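**Q** Structure for this input, please:
(one chain, ligands or ions: 1)
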Amino acid sequence: MNNLLTKLQELTTELNICPGQVNTIAHNFRQTMLDGLRGKHSPLQMLPSYLHTPSQNEIGTFLTLDFGGTNVRVLLTELLGQGKFIIHAHVSKRLKDTNAHYNYISNQSTADQLFDFIATQIGTVIKPNTNYSLGHTFSFATHQTGLNTGTFVHWTKEIETTGMKGQDINQLLAAALERQHITTVVPAAIINDTVGALLAASYMEQTTDIGSICGTGHNTAYLEPHSPLTNEPMIINMESGNFNQLPFTLYDAELDRASEKPGKQRLEKMVSGHYIGELVRIIACSFFDVGLLDSSPDKKIMETPYLLNGAHLSLFHEDLTVDLSLITDCLENNLHITGSSLDDRKALKTIATLICTRSARLVAATYIGILKHIDPSLKNCHNIAIDGSLYEKMPGYGEEIQKTLTKALGEKGTMVTTSLIKDGSGIGAAIATAIAENMEI
Ligand code: BGC
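**A** Numbers count the residues shown, from 1 in each chain. Prediction:
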């Protein structure tokens, strides 16, 4: 057997998450949830949202802002009750556009510049002489002290805009709206995107009590039956991407070392779209010494950090052609790496598949930890609503999560469903705003 094949076999063992590990991770995850809830030192921040799941009677038209780190999206959403809604207007703008010469997520941009840009996008959706309540989905850790007040904790997903530390997010937004002379929009609620996914899905399907994002970033929120603040049910944003009791490999360590915040967001760095392409790239480079891409004159290109993204991995994973011609196309036309052999492409496909499977199993293990906390003997039905490009677009990803849940939960696995929630951030923010308005009455 050649060296490349031997190394691929070793990698398969290294990246495999077996059922025993799934159980251990689930157990440790549950324990760290409990520590976080009890105010003990824990990688899980367990941030309160000040929200319960919706009654499904929420109605009204609301402006929503979705700030996820890649795009800013402004929606005008009308809630009709009982899970129904209409999106009347929709604007989406990238936060970084090299062709248009701007980048609001680099350390060269300030919070004020970023929020001025966001306020300008809001300005393109609103009509004159109309008042709007705005729900804001802000997909980063925020320490909330109420439904409409949240202090920025830290950036993740390698974003570096300065001047955010300790700031109240909706006050930053309100100040920018004022600078842009927009006087008819009032921020009324702030939520995390995981909370948005949970709210939106439970507006339609009441068994939903877990909301998760498997996209550029990763995180999960759930309905805590006894919130430490009120002892009543409340949705908690766990910031689970920071969970760290995990079977790290040398590749994970290498990625972490070179990242913006070493030691932080270790689960997110193993599972999310922003990082899994980089893991495949790091592994591919470590395979150079057993001949990977030896016949390519451009193999050095593979040494470019963050060359590969989730979309590349999807393509590697789903190429079922005999000569892996889709991968050839992608390598040559997209990445400018010519001269790959069939063995190279097979190896890249295997590495991508292993990383994606590991991601799905790790995520599923955290869901099991949550389920064991909220309903240890699984007496009730639970739906886990998931948004994000990995879950939506990566072939086989959702199936792997479901398979892992079913295997670990045995017969009781039938009590747990997973479902895609699209536009959860927009709909969820509208629901949160409707709830905020009712609170004021
Ligand atoms: C953020 C979370 C967010 C997740 C998904 C993570 O990097 O810390 O707040 O929910 O990405 O967007």
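**Q** For residue 126, give me its contacts.
**A** Residues near residue 126 by Cβ atoms under 8 Å, 6 or more residues apart in numbering: 63, 132, 182, 184, 185. Where you see a C-beta, it was placed from the backbone N, CA and C, and this is true even at glycine.
**Q** now the fourth one: how far from the ligand?
**A** Right, residue 184. Separation of residue 184 from the ligand (Cβ to the nearest ligand atom, to the nearest Å): 29 Å.
**Q** The closest residue to that residue other than its chain neighbours - how many residues pack around it?
**A** Sequence neighbours aside, residue 131 is the residue nearest to residue 184 in space, at 5.0 Å (criterion: Cβ to Cβ, 6 or more residues apart in numbering). For residue 131, the count of nearby residues is 10 (other Cβ atoms under 10 Å).
**Q** go on, the one 10 residues further on?
**A** If you count neighbours by other Cβ under 10 Å, residue 141 ends up with 21.
**Q** now do residue 19
**A** Residue 19 sits with 12 neighbouring residues when counted by other Cβ under 10 Å.
**Q** can you pull the contacts of the closest residue to it other than its chain neighbours?
**A** Using Cβ to Cβ, 6+ apart and skipping the chain neighbours, the partner closest in space to residue 19 is residue 407 (5.8 Å). Going by Cβ under 8 Å, 6+ apart, residue 407 touches 19, 22, 413.
**Q** mind checking how far the host helix or strand of residue 407 is from the chain centre?
**A** Using DSSP states H and E, residue 407 sits in helix 397-409. Remark: helix 397-409 is offset 19 Å from the chain centroid, using Cα atoms, centre = their mean, to the nearest Å.
**Q** Average pLDDT for stretch 4-17, rounded please.
**A** Mean pLDDT, stretch 4-17: 97.
**Q** Just the buried residues of that stretch, please?
**A** 4, 7, 8, 11, 15, 17 (16 or more other Cβ atoms under 10 Å).
**Q** Which of these sits closest to the ligand?
**A** residue 17 (21.2 Å; Cβ to the nearest ligand atom).
**Q** so how far is residue 204 from the closest one?
**A** Distance of residue 17 to residue 204, computed by Cβ to Cβ, to the nearest Å: 31 Å.
**Q** okay but the residue nearest to residue 184 is in contact with residue 182, surely?
**A** No - using Cβ atoms under 8 Å, residue 131 makes no contact with residue 182, being 11.2 Å away.
**Q** re the thing from before, okay if I get the buried residues of stretch 4-17 as CSV plus secondary structure?
**A** Shown next, in CSV, are these (DSSP: H, G, I helix; E, B strand; the rest coil):
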residue, secondary structure
4, helix
7, helix
8, helix
11, helix
15, helix
17, coil
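**Q** Same list (these) but as JSON lines, adding distance to the ligand.
**A** Shown next, in JSON lines, are the buried residues of stretch 4-17 (distance: Cβ to the nearest ligand atom, whole Å):
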{"residue": "4", "distance to the ligand": "34"}
{"residue": "7", "distance to the ligand": "32"}
{"residue": "8", "distance to the ligand": "31"}
{"residue": "11", "distance to the ligand": "27"}
{"residue": "15", "distance to the ligand": "22"}
{"residue": "17", "distance to the ligand": "21"}
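**Q** for residue 191, phi and psi?
**A** Dihedral angles of residue 191 (phi, psi; degrees, to the nearest 10) stand at phi -140, psi 160.
**Q** Give the bridge partners for it, please.
**A** When bridges are called by DSSP bridges, residue 191 pairs up with residue 137.
**Q** Please name the residues that touch it.
**A** Taking Cβ under 8 Å, 6+ apart, one finds 49, 51, 135, 136, 137, 138, 199, 428, 429, 432 in contact with residue 191.
**Q** Keep only those of those that are in strands.
**A** Using DSSP state E, 135, 136, 137, 138 are the members of these that sit in strands.
**Q** State the pLDDT value of the first one.
**A** Just to be clear, that refers to residue 135. 98.
**Q** OK, contacts around it?
**A** 62-65, 188-191, 428-433, 436.
**Q** at 7 Å what do you get?
**A** 62, 64, 188, 189, 429, 430, 432, 433 (Cβ atoms under 7 Å, 6 or more residues apart in numbering).
**Q** The nearest residue to it once chain neighbours are set aside and residue 11: what is the separation?
**A** Spatially, and ignoring its direct neighbours in sequence, residue 135 is nearest to residue 429 (3.2 Å; Cβ to Cβ, 6+ apart). To residue 11, residue 429 is 41 Å away according to Cβ to Cβ.
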